[in-house]
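A.B. asks: With the input below, show me the fold.
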Amino acid sequence: MFSKSENRHAISMQQYGVGMVVFTTQGELDEMKQQLQLMPLNQVRSIHKRALKNARDAERYFEAFPERLNDECQRYHDFCNDCGIVSVTGMIGFEKPMHLVHPSVISKINWDPNFDLYRHEAGELVVDYDPDIPVLQ
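C.D. replies: Numbers count the residues shown, from 1 in each chain. Purely as a prediction, here's the structure:
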């Protein structure tokens with residue numbers, strides 16, 4: 001059994017206009033949240049704005065040049081990190097709820113075949129149900 005901090009989550013970036021689902025853990029989200037909550041609100045909002053611009057730029061870049069995924073792993077990793085930062089800063093700086101993908105629908109997501117390389121390298125992607133997180137119906 002996993003500890004709470006090891007719970008695996010899938011964050012949908014659709015609410016920010018980014019067609020990405022980012023996989024992370026509760027521990028990573030908690031750590032980021034703790035660091036950001038120590039900052040002034042205007043700084044959190046500035047980080048949010050910058051990370052959102054970076055995420056949107058990276059999405060456009062990889063959509064235009066999907067063949068570069070193999071050569072630019074760090075850029076793709078930064079894209080994923082920016083998505084996580086946007087979600088957490090949006091929650092802290094703008095009181096926007098984080099949109100997590102429910103485990104029951106994770107297998108039904110239409111994956112962009114250009115990004116399947118990363119999905120397959122990670123193995124079967126799984127998310128955990130956390131009864132403490134409210135579910136919209």
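A.B. asks: what about M20, distance to S5?
C.D. replies: Look at M20 and S5: by C-beta to C-beta, to the nearest Å, they are 23 Å apart. C-betas here are computed from N, CA, C, even on glycine.
A.B. asks: Which one's more surrounded, these two?
C.D. replies: Between M20 and S5, M20 has the larger neighbour count (other C-beta atoms under 10 Å), namely 20 against 12.
A.B. asks: you'd agree the more buried one is up against E59?
C.D. replies: Yes - using C-beta atoms under 8 Å, M20 makes contact with E59 at a distance of 6.5 Å.
A.B. asks: Spit out the residues that contact the two alike.
C.D. replies: Counting by C-beta atoms under 8 Å, 6 or more residues apart in numbering, the shared contacts of M20 and E59 are F79.
A.B. asks: ranges for the helices of the chain?
C.D. replies: Applying DSSP state H to the chain gives helices spanning 26-37, 41-64, 73-94, 116-121.
A.B. asks: So which of the ones you listed is the most surrounded?
C.D. replies: Neighbour counts (mean count of other C-beta atoms under 10 Å) averaged over each of these peak at helix 73-94, with a mean of 19.
A.B. asks: What average pLDDT does it get?
C.D. replies: What helix 73-94 shows for mean pLDDT is 94.
A.B. asks: can you state the direction angle for it and helix 41-64?
C.D. replies: 140 degrees (axes from the mean of the first three to the mean of the last three C-alpha atoms, to 10 degrees).
A.B. asks: Which strands or helices does helix 73-94 pack on?
C.D. replies: strand 8-12, strand 21-25, helix 26-37, helix 41-64 (3 or more C-beta pairs under 8 Å, 6 or more residues apart in numbering; DSSP states H and E).
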